[in-house]
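Visitor: Have a look; sequence and predicted model below, questions after that.
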Amino acid sequence: MTRVTSQQLLKSINQQKVLHLIFAEGPISRVELADKTGLTQQTVTNIVNRLLLEDIVIEGTPGASSGGRKPVPLTINVANMFAIGIELAGKYVQGALHNFRYDLVGEARRPVDRYVNEDHIIATVCEVIDELLQLVPERSRIKGIGLSIQGLVVSKQGIALRLPGFGWGRFPLQERLENRYDMPFYLENDVNLLAINENMNGSLRGSSNNITLKFDYGIGGAIVADNQLVTGSNFVAGEFGHYKAFTGANVYRCHCGGMGCLTTLASTSGLAMNAGLTLDEFAEGVRTGEPRMAELYETVVTALCLAVSNVVTFLNPDQVLMTGKLLESFGDLLIQVMDERIMANVPETCRGVRLNYMRQKPNEAALAAGLVLKRVFEVPVDSLSL
Ligand SMILES: [Zn+2]
């Protein structure tokens, strides 16, 4: 591994500071950049020259000046830089190509019945990436590829610990993909990614302590405490799907090795595995009042409400954001019951919590493309550290 000297690190931090400011505040002149970063004019000029040469930044028409040389406004070359986002899910791989203005340029998708092995997963992801690469004339215009993974991910190491619809392992996904494409890849768990986005730009903006929960093919969770994503000692904190939720006749063995986990009945994969039901069949049965379905629904909803209540009691968040196919299917029916029961369950001291519901599953490929933009423009000593 190449050793990064402190000199090189400083150079790269300075460049990122300039880049971040042009992205966040552009059009902006070199003089303003020097003022705001505290760097010398010469350092700013050197950095800007490099960015101009790489076509990352473009110069606009000089504005009015009170004397001397007119300031030249600098902006990011957003229409000519691209990011690919990939959603790696249990039953499909979805890809989206966005430019840096965030316009959608193209999409690609591959349905998957069942992943056979690690190579099969990589091959499917590559097929989607290859299709999207065709849409960009020069590969150097693509600044990175983000992956949203319904599974456990050690994002800083680029390793997946569990892949959706496949299983446990220690897959060096980032390394495998970077070797093939020679461009940066960024991996993140799907719920963490949603939490990052919602905390930075969405419904959780302004909240310092919150929980994001997704009831989908599996069940995932992300905890933000004091504006930091909680990773846990082993990078698997927030795994809400493995909350022990069922007892008695409703206990099933979970793929994690435990028993009675929330995901064994309250996720679409759990419903299929242990109740032999698709989500649509289940929702239809509940709507028509079929007794077996009604009973199962009550079991699932009771478990969900208790689990969320306990987590709220334990962590005292100011907001909880819930999403996923379960919410999409049951909508108001489920939301109303959750509101009532959770608020009744939690201690008065925790009742200030706001329960938010995102009924429609977010566009995860788009969020993954957004992760590339975040990484390209962030300053290394960034806050919400993810
Ligand atoms: Zn489990």
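Guide: Yep, that arrived.
Visitor: how about low-confidence regions in this protein?
Guide: 1-9, 64-67, 380-386 (pLDDT under 70).
Visitor: What are the buried residues along the lengthiest helix in it?
Guide: Using DSSP state H to define each element, the chain has its longest helix at helix 291-315. For helix 291-315, burial by neighbour count (16 or more other Cβ atoms under 10 Å) applies to 293, 296-297, 299-301, 303-309, 311-312, 315. Where you see a C-beta, it was placed from the backbone N, CA and C, and this is true even at glycine.
Visitor: How about stretch 73-92?
Guide: Judged by neighbour count using 16+ other Cβ under 10 Å, the buried positions of stretch 73-92 are 73-74, 76-78, 80-90, 92.
Visitor: among those residues, which are in strands?
Guide: Among those, the members falling in strands are Leu74, Ile76, Phe82, Ala83, Ile84, Gly85, Ile86, Glu87, Leu88, Tyr92 (criterion: DSSP state E).
Visitor: ok, the residues you listed vs Thr278, which is closest?
Guide: Ranked by distance to Thr278 (Cβ to Cβ), these are led by Tyr92 at 15.5 Å.
Visitor: Alongside the ion, which residues does the protein contribute?
Guide: His242, Cys254, Cys256, Gly258, Cys261 (Cβ under 5 Å from the ion).
Visitor: among those residues, which are in strands?
Guide: Within the residues of the chain next to the ion, no residue falls in strands by DSSP E.
Visitor: Who wins on neighbours among these?
Guide: Highest neighbour count within the residues of the chain next to the ion, by other Cβ atoms under 10 Å: Cys261, with 26 neighbours.
Visitor: Now the spatially closest residue to that residue that is not a sequence neighbour. Its backbone dihedrals?
Guide: Nearest residue to Cys261, sequence neighbours excluded (Cβ to Cβ, 6 or more residues apart in numbering): Cys254, at 3.9 Å. Phi and psi for Cys254, reported as degrees, to the nearest 10, are phi -100, psi 160.
Visitor: contacting residues for Cys254?
Guide: Cys254 makes contacts with His242, Gly260, Cys261, Thr263, Thr264, as judged by Cβ atoms under 8 Å, 6 or more residues apart in numbering.
Visitor: Save these as JSON lines, and put in distance to Tyr186 too.
Guide: Output for the contacts of Cys254, formatted as JSON lines (distance: Cβ to Cβ, whole Å):
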{"residue": "His242", "distance to Tyr186": "25"}
{"residue": "Gly260", "distance to Tyr186": "35"}
{"residue": "Cys261", "distance to Tyr186": "29"}
{"residue": "Thr263", "distance to Tyr186": "26"}
{"residue": "Thr264", "distance to Tyr186": "31"}
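Visitor: Relative to the ion, which residue of the stretch 1-150 of the chain is the closest?
Guide: Closest to the ion within the stretch 1-150 of the chain is Gln150: 14.8 Å, counting by Cβ to the ion.
Visitor: Count the neighbours of that residue for me.
Guide: Neighbourhood size, Gln150 [other Cβ under 10 Å]: 24.
Visitor: how far away is it from Val93?
Guide: 11 Å (Cβ to Cβ, to the nearest Å).
Visitor: what do you get for Gln336?
Guide: Taking Cβ to Cβ, one finds Gln336 at 35 Å from Val93.
Visitor: and those two? which has more neighbours close in?
Guide: A direct count of neighbours by other Cβ under 10 Å for Gln336 and Val93 places Val93 higher, at 24 against 11.
Visitor: coming back round to it: ok, residues contacting the longest helix of the chain?
Guide: In contact with helix 291-315 (Cβ under 8 Å, 6+ apart) are residues 209, 211, 213, 215, 221, 223, 225, 240, 243, 245-246, 250, 262, 265-266, 275, 282, 285-286, 320, 322, 334, 337-338, 341-342, 345-347, 350, 353.
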